[in-house]
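> sequence and predicted structure, then a few things I'm wondering about:
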There are 2 protein chains.
Amino acid sequence: MSDLEQILENNNVKPTAMRLLVLQYLLNKKVTVSLVNIEAHFHNSDRTTLYRTLKTFVENGVAHQIDDGTGSTKYAICEENCNCDVDTDLHLHFHCANCNETVCLTAHKIPHINLPEGFKAENVNLVVKGICDKCNGQ
Amino acid sequence: MSDLEQILENNNVKPTAMRLLVLQYLLNKKVTVSLVNIEAHFHNSDRTTLYRTLKTFVENGVAHQIDDGTGSTKYAICEENCNCDVDTDLHLHFHCANCNETVCLTAHKIPHINLPEGFKAENVNLVVKGICDKCNGQ
DNA sequence: ATATAGGATGCAATGGAAGTGCATTTACTG
DNA sequence: CAGTAAATGCACTTCCATTGCATCCTATAT
């Protein structure tokens, strides 16, 4: 069994050909990808299948779903041992206004946030917009 | 000149009847509102006009535009003396999964965020999702 | 008061992305 | 090999954001 298959098996996702391809694509990407990105890459495959593949990944902890405020949902593979916990696993995302790409800054965990009395946090989304290192260097 | 008119004048927005009504509506709201909310309230007015009214407000610093991840953009009146500065004015938003409303926690400024070398922040969006105080109390 | 110009408004249409229903195919089980 | 459940593919729908264009209103100059 390949590494890719193992990842899916570990998360109770049946390793179909399509899913393995999408997983590999995601793993090779340094930045987050949108459904449209994936669609463009697998131009011979159906949009709905890709959509549901991603949905399955997210539901089973294979991938993160990221709302970077651009209007199109982004996806990225979860780090190893990630259990998407609010207090320990949430990192911030950076959206570059120049190259239009969103990267996971996995080393930058979201600081603890104090909420007023009565509020209970279940999830936190922190997106910083600006210019990324690559675009700044040019 | 009324207070409402004064607010618009101060931000170089011509105070038309429609704009004054929308401004008053926003001022009376404790929570953020979407275009659909406003449309429902001003059912005799055109969607596009309301859309452009909000756009004008945002562009001229009368209102904030909030992306709470629900897919529909929210709006709220800027605090007094707000200049939407990244370092001093950005507060966090809380989206309640139960009542589906988004509130501005203006007292909770976004903590300073350290970025890796080469990254330059221009804007920060921090949305916490969970259960709000009202829904918790029930 | 009237002409004029520029902005505001209203209507219609477009576009992008997410999501759903259903038929068909695939793959695993006995 | 038969049967079943999941996965896939196609068509369609819905929701929200956005734009083009015609019309209306208002402020200003003459």
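Cool, the structure landed.
> show me where chain A has helices.
Per DSSP state H, chain A has helices spanning A:3-10, A:17-28, A:35-41, A:47-59, A:133-137. These are given in chain order.
> for the fourth one, buried residues please.
By that I understand helix A:47-59. Within helix A:47-59, the residues that qualify as buried are A:50, A:53, A:54, A:56, A:57, A:58, counting by 16 or more other CB atoms under 10 Å in any protein chain shown. Any C-beta I mention is one placed from the backbone N, CA and C, and that applies to glycine too.
> pull up the gap between the nearest residue to residue A:13 once chain neighbours are set aside and residue A:14, please.
Once its chain neighbours are removed from consideration, residue A:13 has its nearest residue in residue A:60; the separation is 5.0 Å (CB to CB, 6 or more residues apart in numbering or on different chains). Distance check for residue A:60 against residue A:14: by CB to CB, to the nearest Å, it reads 10 Å.
> which of these two has more residues huddled nearby?
Counted by other CB atoms under 10 Å in any protein chain shown, residue A:60 and residue A:14 do not tie: residue A:60 has more neighbours, with 14 against 9.
> what's the closest non-adjacent residue to residue A:64?
With CB to CB, 6+ apart as the measure, residue A:76 is the residue that lies nearest to residue A:64, at 5.1 Å, once sequence neighbours are left out.
> wait, the one you found sits on residue A:25?
No: the pair formed by residue A:76 and residue A:25 falls short of the contact definition of CB atoms under 8 Å, at 11.5 Å.
> ok, those two, which is more surrounded?
Between residue A:76 and residue A:25, residue A:76 has the larger neighbour count (other CB under 10 Å), namely 21 against 15.
> what's near enough to touch that one?
A:26, A:29, A:31, A:32, A:33, A:63, A:64, A:66, A:104 (CB atoms under 8 Å, 6 or more residues apart in numbering or on different chains).
> and the buried ones among those residues, selectable in PyMOL?
Remark: buried members of the contacts of residue A:76, expressed as a PyMOL selection using 16+ other CB under 10 Å:
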select buried, chain A and resi 26+29+32+33+63+64+66+104
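> quick check: the farthest pair among the contacts of residue A:76?
Comparing every pair within the contacts of residue A:76 by CB to CB identifies A:31 and A:63 as the most remote, at 13.5 Å.
> show me what residue of chain A gets nearest to DNA strand C.
For chain A, the nearest residue to DNA strand C under the criterion CB to the nearest atom of the strand is residue A:73, separated by 3.4 Å.
> pretty sure that residue is touching residue A:63, no?
No: under the contact definition of CB under 8 Å, residue A:73 does not touch residue A:63, with a separation of 11.0 Å.
> the longest strand along chain A near DNA strand C anywhere?
The strand of greatest length in chain A, counted in residues with DSSP state E as the criterion, is given as strand A:120-131. No: no part of strand A:120-131 sits near DNA strand C under the criterion CB under 7 Å from any atom of the strand; the closest distance found is 14.5 Å.
> now for that strand, which elements pack on it?
Using 3 or more CB pairs under 8 Å, 6 or more residues apart in numbering or on different chains; DSSP states H and E as the contact test, the elements touching strand A:120-131 are strand A:91-96, strand B:120-131.
> if you count neighbours, what's buried in it?
Buried residues in strand A:120-131, defined by neighbour count with 16+ other CB under 10 Å: A:124, A:125, A:126, A:127, A:128, A:129, A:130, A:131.
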